[in-house]
Structure formats: C-alpha cells, structure tokens
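Visitor: Quick one: sequence and predicted model below, then my questions.
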Protein chains: 2
Amino acid sequence: MRTEEVAYSMLKLSKKADYGLMALKYLAEHPETTALSAKDIADAYGIPAQLLAKILQQLTRSGLLKSHAGMNGGYALAREARAISAYEVIHSIDGPFFITSCTKGSKGCDLTPSCTIKEPLARVNETIAGVLKSISIQDLAEQEHPAGQAREASPLVSLTP
Amino acid sequence: MRTEEVAYSMLKLSKKADYGLMALKYLAEHPETTALSAKDIADAYGIPAQLLAKILQQLTRSGLLKSHAGMNGGYALAREARAISAYEVIHSIDGPFFITSCTKGSKGCDLTPSCTIKEPLARVNETIAGVLKSISIQDLAEQEHPAGQAREASPLVSLTP
DNA sequence: GAAATGCGGACAGAATCGGTCGTATACTGA
DNA sequence: TCAGTATACGACCGATTCTGTCCGCATTTC
C-alpha cells in the first residue's frame, strides 16, 4: 500500500552478493577460529542458512574460501582478508557484470543493432570494477564504526588510465 | 538452447535505460529537426515503439525532454545535449540506484539487521554516480568512431570529496 | 472533423531472484 | 566401525520484476 513506490533501484547488488560479502567480512573478523560453518555465519546475521551455504560453496569454487567437511568443519578465507577484493566476491556470485545489456565481450550485439551507447559506457564499467577491486574484505571488516566517518580508509581509484 | 548460459550480470542497466540513452543520443544527433516522434526513433533502432514511447514520456515528466502532440509532433531535448547527463536519464527511468539492497536512505535497514557491509560500499555508489554525472548525452553522440579509442573524451571523476 | 501524435493505465508472458528440500559425500571423534 | 556433523549439488517453487502489448483518451495540425 505504498503511495509512492519508493525505488526499484538499478545497479544494485543481489542479496546473494550482499550475503557473501557479509560472510567474508565475518570470517575476516574472526581470524582466531580455524573454520566457521555456514550455519554459524547465517545465525550471526539472521540470514537463511541453506542459501548462505550455496553462496559459500560458490565462493569456495572460485578459490576465495577453503572448505572443510565434517565436525568442526566449515569455511575459512583462502587468502588473507587484505588480498580478497569486493570485486572478486561479487564477480564470483553474480557473474561478470557490465553496465550495458550487451558489451563487446562475447558476441558483440545480438539485439539492438546499433550499440552506440555502449562504448562510452564501457568506461563506466572499468571505473566501477576499479573501485570494487580497490576495496578489500579487510576494508569492510575495519570500518566498524557505527556512525563514524572513517574517510580515507578505503583507497579509492585514481581514474587516469 | 544455450549450453553455457553466459552470464546474468549484475550492475546492469535495464533495457529501458538503454533505450532511453539511445533515444536521447539520437535526438542529440539530429538537432536540425524540431521534433522526432517516438516511432521515428524506435524505427531507427528497431526497438518496440510503444515501449520507447513510455520511456520518452517518463523522460518528459522528468524534464529532460519536451513533448509536442499532434501532427509533426514528437520529442526534443529540453536542454542542450551537453547539459544532460547519463545519470539523469538513468535516474529518471530506473529510479535512484544504490549498490546495496538497503542504504541508509529512507528507513535504514529493514531486513538484514547488521548492514555492516553497506557503509563502505556507499562510497562506491558515489563514485558510480559521479562517473555517470560526468558523462553527457553530447559525449555519447560524439563518440561515433566505430572502433576508435576516443580516450579522454569523457571527463572522469576525481574521487577526493 | 480527421489524422497524427503524445499520455497513461491495465495487463500478460518471460526471466530472474530468493529461498527450500532432498540426497549424496566427506570428515571427525568416540 | 559407526554415528553425527558438515559440505556439495541438483531440482524445484513462489514472488517479484522486467519487457512488451493493448486500449482508450487528450492534444495539435491540417
């Protein structure tokens, strides 16, 4: 019963990517433990355990996590948190993203015969990817100040190729 | 009958936003005409005319276009192409976008109680918005080189708030 | 008045997303 | 050895969203 329909929002991360980032961050915040199960992490955030499990499995396939079955098993970061970028996580879960429907990646432009828009917008893509690559899981874990400013924590891109 | 299902891709513009950008670009490329109908533009690109019409109506409501009914009516840019940014177009069609499911915009975090991820990622948002604001319709219309480089055409962001 | 055009709501089909279930597999520890 | 815990993975379903169409109405020109 919304009067205004607030906003669908474009360029939005999927919930799965959100969950994945949250889970990685959680792992980064608990380096003392050898492994945390999917259920542990899911309970910590109140997100569906089975869904998170699938996400963590995907991240394991991508080499961002190491998994270990059996009792006291679970997941652990495959590398140190500083060496895992938000880009890798998102890319692993949501696949390669490009801001236009068709980029010149695989097969040129299937539909829309004149993709004139896309070439200039491809640079936007590079920018977004650059920013996401510059943010590490460690950055996410550090910025824990509830309402703080925490500027200058994440090294941002310098867009001069 | 795809064997691989290439990639859903996240952070993707909707087709409507694509169409809108293409239409604005087309209008920018034909400044001599007083107005172009939705059907004219749709035919030029081979996109559904009625769908494009609704998109152009939305852009008109947002003040990016001027419309004129009746014979020889149609749409024209409300401002010069240099003064209309890709951001405005996308924002008008797809609504405000934010990279995370819940930003601290309207009501904080409905679901996921601990939105720890989001604050650092909000800066990514600003970056994306900045890039899109720095690209004008004029930029899109100029970069017509079929396979050219055209570097340095679009002024990119300097991320130092 | 007729034709062309924009305006806007309703609606349908398709695709995608979020989430669940069931089963198989692997490891641990008693 | 065996039971319990945990990952691995495919199938499936409901809800939402996106794309696109249809219809009637308003506005302008000829």
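Guide: Structure received.
Visitor: What separation do you get for the residue lying closest to residue A:85 once chain neighbours are set aside and residue B:140?
Guide: Of all residues not flanking residue A:85 in the chain, residue A:133 sits nearest, at 4.8 Å (C-beta to C-beta, 6 or more residues apart in numbering or on different chains). C-beta here means a position set from N, CA and C on the backbone, and glycine is covered the same way. Using C-beta to C-beta, to the nearest Å, residue A:133 is found at 26 Å from residue B:140.
Visitor: Sketch out the low-pLDDT regions of chain A for me.
Guide: Along chain A, segments meeting pLDDT under 70 span A:1-11, A:99-115, A:143-161.
Visitor: Count residues in the vicinity of residue A:72, would you?
Guide: 9 (other C-beta atoms under 10 Å in any protein chain shown).
Visitor: contact partners of the host helix or strand of residue A:139?
Guide: Assigned by DSSP states H and E, residue A:139 belongs to helix A:137-142. Contact partners of helix A:137-142, identified using C-beta atoms under 8 Å, 6 or more residues apart in numbering or on different chains, comprise A:21, A:24-25, A:27-29, A:77, A:80-82, A:84-86, A:89, A:153-154, B:116-117, B:120.
Visitor: now the strands for chain A?
Guide: Using DSSP state E, the strands found in chain A span residues A:65-68, A:74-77.
Visitor: Run through who's touching the first one.
Guide: For strand A:65-68, contacts defined as C-beta under 8 Å, 6+ apart pick out A:24, A:27, A:35, A:56-57, A:59-60, A:73-78.
Visitor: Pick out the residue nearest the middle of chain A.
Guide: Among the residues of chain A, the one closest to the centroid is residue A:90, at 3.1 Å (C-alpha atoms, centre = their mean).
Visitor: Tally up the residues packed near the nearest residue to that residue once chain neighbours are set aside, please.
Guide: Counting by C-beta to C-beta, 6+ apart, the nearest residue to residue A:90 once its immediate chain neighbours are dropped is residue A:17, at 4.9 Å. Other residues within reach of residue A:17, judged by other C-beta under 10 Å, total 25.
Visitor: correct me, but residue A:17 touches residue A:91?
Guide: No. Between residue A:17 and residue A:91 there is no contact under C-beta atoms under 8 Å: 9.3 Å.
Visitor: Pull up the gap between residue A:86 and chain B, please.
Guide: Distance check for residue A:86 against chain B: by C-beta to the nearest C-beta, to the nearest Å, it reads 7 Å.
Visitor: cool, residue A:19 as well?
Guide: According to C-beta to the nearest C-beta, residue A:19 and chain B sit 8 Å apart.
Visitor: I figured that residue hits residue A:49, correct?
Guide: No. Counting by C-beta under 8 Å, residue A:49 is not a contact partner of residue A:19; they are 10.8 Å apart.
Visitor: who has more neighbours, these two?
Guide: A side-by-side neighbour count of residue A:19 and residue A:49, using other C-beta under 10 Å, places residue A:19 first with 25 against 13.
Visitor: ok, now which ones touch the residue lying closest to residue A:44 once chain neighbours are set aside?
Guide: Among residues not flanking residue A:44 along the chain, residue A:26 sits closest, at 6.1 Å (C-beta to C-beta, 6+ apart). With contact taken as C-beta under 8 Å, 6+ apart, residue A:26 is in contact with A:36, A:41, A:44, A:45.
Visitor: Assess the claim that the last one and residue A:20 are in contact.
Guide: Put plainly, it is residue A:45. No. With contact defined as C-beta under 8 Å, residue A:45 does not count as touching residue A:20 (11.4 Å).
Visitor: who's more crowded, these two?
Guide: For residue A:45 versus residue A:20, the count of surrounding residues by other C-beta under 10 Å is larger for residue A:20: 26 against 18.
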